[in-house]
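show me the folded form of this:
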Amino acid sequence: GRVGYIAIGATCVGSVQLTWPDPVGHVVHLGMELGYMQFGGSTVVLLFEPNVTTWHPEILQMSAKPVESYVHVNQGIGKFKPKP
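Residues are numbered from 1 along each chain as shown. Down below sits the predicted model:
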């Protein structure tokens, strides 16, 4: 399915360097680099189509609270559901 990737560099703290000139409409495979954060303080927002993911229980639990969730490099947050 389609995935929206929004890289956010925190004001006066960090920046985001995209390594693709124009990633819109391209297929992304596991392990591909889209960009990198410089000097911390930045985040990424991922948007998925409805009903295509199964979220890790810890992510669901933390998302129900008004707190941020820390996710480490290569840490899973969920899985795509198989197509019927």
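
tell me the pLDDT of A64.
pLDDT, A64: 90.

count of residues packed around it?
Number of residues near A64 (other CB atoms under 10 Å) recorded here: 8. Yep, even glycine has a C-beta here, placed from its N, CA and C like the rest.

how close does it get to C12?
31 Å (CB to CB, to the nearest Å).

quickly find the element holding the spatially most central residue of the chain.
The centre of the chain sits closest to L46, judged by CA atoms, centre = their mean, with a distance of 4.2 Å. In the assignment (DSSP states H and E), L46 maps to strand 43-48.

just checking, what packs against that strand?
Contact analysis of strand 43-48 by 3 or more CB pairs under 8 Å, 6 or more residues apart in numbering; DSSP states H and E lists strand 3-8 as its packing neighbours.

in the strand it packs on, what counts as buried?
A7 (16 or more other CB atoms under 10 Å).

what is the orientation angle of it with strand 43-48?
Between strand 3-8 and strand 43-48, the angle formed by their directions is 160 degrees, by axes from the mean of the first three to the mean of the last three CA atoms, to 10 degrees.

now R2. Nearest residue, chain neighbours left out?
Once flanking residues are discounted, R2 sits nearest to E49: 5.8 Å by CB to CB, 6 or more residues apart in numbering.
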